[in-house]
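> A structural model of the following input is requested.
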Amino acid sequence: MNVQLNSISDTRKSLVVTLDQGEVAAERKAVVSEFVKQARLPGFRPGKAPVAMIEKRFGKEIADELQQKVVSKAYREGLEKQKLDVLNVVNVEPGTIAEGSDATITVTVDVRPEFELPDYTGLKTEVAPTDVTDAEVDAAIEALRSQRAEFKVATREAAKGDYVKLAYEGTVDGKPVIELVPDKQIYGKVPQTWEEVEGEHEGVIPGLGKQLAGLKTGDKKSITVTFPAEFAGAPALAGKSATYAIEVQEIRERVLPPIDDEFLKSNQADSLDALKTNVRNNIQFQKEGRNRAEQRRQVTDALLEKLTFDAPESLVENETQGVLRQFIEENIRRGVPQEQLENDKKELFENAQKAAVGRVKLQLALAKIAETEKLNVEENDINQFIYREAMRSGQQPDKFIKDLAKNRDALRSIQQSIIFDKAVDFLVSKATVSTIEPKA
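Model prediction:
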């Protein structure tokens, strides 16, 4: 057997393996012998049928099996001789495999790139203070009260925080909005909806809620709003000014519950001081969690900037498809229409490919860090992952385990994900930390 290695790139290699006719003949003889043992032909006991009859009867099957065995042998022994760390088989060209002639098999593979890890300890990270102010505690308690608020009919003028039930119909330059966006009636004409007066979060029509204060039930008014230049909800309205004729149908005021025994008990506290302590601890826990997530992002970004090797093409191609799906799903959730997605298809693909290159390089580096630092996946790691995923998906852990046992690829993916997480946690544990004040 002759093995030749050709370098297509740093991460893509071509193995050209040649078996002489004697080796091909030996493989064919072994295949035919196996067919003789297994074949069932009328008038012959198993294993006693003439070889010539077996070859005639199962000629195609023998040729297919011979090709599979020769290709497998060429690939297996070629890898052994060249000591390649293969990530993906990209292409196999078996050539002609037949008795009486040599066989040349060409296998194109993507290999793990050879690279030296950059210095990955002491990466700089910045975190926000985790101290909790009294004002933050008070605001959080008010938010808890808001969650249990009642909305009672008000006969006065609408004020900030109230909810107004109203009907509206919009026009742009005298033309009904519904004609501009016929598939999205909510931007054109609605017989009844609720809008918060001067709410923190805008409703469907940007700026509408800011112009409702002072109105009473039965009032009618024309309100002008300007849609943002990059309005994804209805691109046909982006940058346009629209006039909405509104009619107030009802006003409801938010009535917060008192901080009494019932309210305290519903929030697992027996006194106001205990509630404040619980709220303070929760806020601090959330801040620490945000810092941890931010540190993980910072160390992976810093590590990625130091990586100079090329990412294997096949891994990038596979990752690109996954990233592209995420991009499309995110855009759909934001209300971007299908037509715009089609127009942006090239840009979306280019952005997905760029992100995929970074992900692949980062994963390869994290895997090498895990190997260097002897980070392993323990049984407890798998159990914790299964429990979290079962809870998240609403499945019973036992069922989740059974499903996982049937899918080895899924199990390998989970193990890989755990290793990556451990490597990132290691980077965070070795990072330098400075505290900065959050931007106002």
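
> for the stretch 301-440 of the chain, what spans make up the strands?
432-435 (DSSP state E, counting those that start in this stretch).

> all strands for the stretch 1-150 of the chain, in order.
If you assign secondary structure with DSSP E, counting those that start in this stretch, the strands in the stretch 1-150 of the chain sit at 2-7, 12-19, 86-93, 103-111, 124-127, 150-153.

> Columns mean neighbour count and distance to residue 58 on top of the ones you listed, output as a markdown table?
Just so you know, the C-beta spots here come from the backbone N, C-alpha and C atoms, and that holds for glycine as well. Shown next, in a markdown table, are the strands of the stretch 1-150 of the chain (neighbours: other CB atoms under 10 Å; distance: least, CB to CB, whole Å):
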| stretch | mean neighbour count | distance to residue 58 |
| --- | --- | --- |
| strand 2-7 | 12 | 30 |
| strand 12-19 | 20 | 22 |
| strand 86-93 | 15 | 24 |
| strand 103-111 | 21 | 20 |
| strand 124-127 | 15 | 66 |
| strand 150-153 | 11 | 80 |
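
> Relative to residue 419, which of those strands is closest?
Smallest distance to residue 419 across the strands of the stretch 1-150 of the chain (CB to CB): 15.6 Å, for strand 86-93.

> quick revisit: can you redo the strands of the stretch 1-150 of the chain as a markdown table with distance to residue 406 and mean pLDDT?
Supplementary listing: the strands of the stretch 1-150 of the chain in a markdown table, determined by distance: least, CB to CB, whole Å; pLDDT from 0 to 100:
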| stretch | distance to residue 406 | mean pLDDT |
| --- | --- | --- |
| strand 2-7 | 37 | 91 |
| strand 12-19 | 33 | 93 |
| strand 86-93 | 24 | 92 |
| strand 103-111 | 28 | 93 |
| strand 124-127 | 41 | 96 |
| strand 150-153 | 50 | 94 |
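
> Make CSV from those strands and add distance to residue 329 to it.
As requested, the strands of the stretch 1-150 of the chain are arranged in CSV below (distance: least, CB to CB, whole Å):
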stretch, distance to residue 329
strand 2-7, 38
strand 12-19, 31
strand 86-93, 26
strand 103-111, 28
strand 124-127, 30
strand 150-153, 34
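
> Need the single longest strand in the protein, by residues.
The residue-count maximum for a strand in the chain (DSSP state E) belongs to strand 241-255.

> Give me the buried positions along the helix or strand following that one.
Taking DSSP states H and E as the definition, the helix or strand that follows strand 241-255 towards the C-terminus is helix 261-266. Using 16 or more other CB atoms under 10 Å as the burial criterion, the residues of helix 261-266 that qualify are residue 263.

> which residues sit against helix 261-266?
145, 148, 257, 270, 271, 272, 274, 275 (CB atoms under 8 Å, 6 or more residues apart in numbering).

> Check which helices and strands the worst-scoring helix or strand of the chain on mean pLDDT sits against.
Across the helices and strands of the chain, mean confidence by mean pLDDT, DSSP states H and E is lowest for helix 397-405: a mean of 77. Packing contacts for helix 397-405, counted by 3 or more CB pairs under 8 Å, 6 or more residues apart in numbering; DSSP states H and E, involve helix 379-393, helix 408-429.

> just checking, what packs against the last one?
So that's helix 408-429. For helix 408-429, where contacts count as 3+ CB pairs under 8 Å, 6+ apart, the packed elements are helix 272-306, helix 345-372, helix 379-393, helix 397-405.

> cool, the first one as well?
Identification of packing neighbours for helix 379-393 by 3+ CB pairs under 8 Å, 6+ apart yields helix 397-405, helix 408-429.

> just so I know, which of those helices lies nearest residue 48?
Going through the helices and strands packed on helix 379-393 one by one, with CB to CB as the measure, helix 408-429 comes closest at 40.6 Å.

> between the closest one and helix 397-405, what angle do the directions make?
Computed by axes from the mean of the first three to the mean of the last three CA atoms, to 10 degrees, the angle separating helix 408-429 from helix 397-405 equals 110 degrees.

> per-domain residue ranges of this protein.
2-111, 150-255, 291-435 (automatic domain parsing).

> you'd agree residue 424 is up against residue 298?
No: when contacts are counted by CB atoms under 8 Å, residue 424 is not listed as touching residue 298 (10.6 Å).

> how much space between residue 417 and residue 279?
If you measure residue 417 against residue 279 using CB to CB, to the nearest Å, the figure is 34 Å.

> the more surrounded of these two?
Looking at residue 417 and residue 279 with other CB atoms under 10 Å, you find the greater number of neighbours at residue 279, namely 21 against 13.

> Do I have it right that that one meets residue 140?
Yes: shown here, residue 279 and residue 140 form a contact pair, counting by CB under 8 Å, at 4.8 Å.

> In TSV: the helices and strands packed on helix 397-405, plus distance to residue 284 and mean pLDDT.
Putting those into TSV (distance: least, CB to CB, whole Å; pLDDT from 0 to 100) gives the following:
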stretch	distance to residue 284	mean pLDDT
helix 379-393	23	84
helix 408-429	19	91
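
> Mind putting those helices into JSON lines with distance to residue 344?
Putting these into JSON lines (distance: least, CB to CB, whole Å) gives the following:
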{"stretch": "helix 379-393", "distance to residue 344": "31"}
{"stretch": "helix 408-429", "distance to residue 344": "30"}
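
> Quick check: the residue nearest the centre of the chain vs residue 353, distance?
Using CA atoms, centre = their mean, the residue of the chain that lies closest to the mean C-alpha position is residue 326, 5.8 Å off. In this structure, residue 326 and residue 353 are separated by 13 Å, where distance is defined by CB to CB.

> Contact partners for residue 352?
320, 323, 324, 327.

> picking that back up, what touches both of residue 424 and residue 298?
A shared contact of residue 424 and residue 298, defined by CB under 8 Å, 6+ apart, is any residue touching both; here there are none.

> Do you know the pLDDT at residue 440?
For residue 440, the pLDDT comes out at 59.

> Next, count neighbours for residue 53.
For residue 53, the count of nearby residues is 13 (other CB under 10 Å).

> Residue 157 should be in a strand, yeah?
No: the assignment for residue 157 is coil, going by DSSP: H, G, I helix; E, B strand; the rest coil, so no strand is present there.

> Tell me how many other residues crowd it.
Residue 157 has 16 neighbours, counted by other CB under 10 Å.

> From residue 412, how far out is residue 378?
Look at residue 378 and residue 412: by CB to CB, they are 16 Å apart.

> One more: residue 92?
In this structure, residue 92 lies at 23 Å from residue 412, with CB to CB as the measure.

> OK, contacts around residue 178?
Residues 170, 185, 187, 188, 189 are the ones in contact with residue 178 under the rule CB under 8 Å, 6+ apart.

> Mind checking which of those residues are in strands?
Secondary structure from DSSP E places 170, 189 of the contacts of residue 178 in strands.
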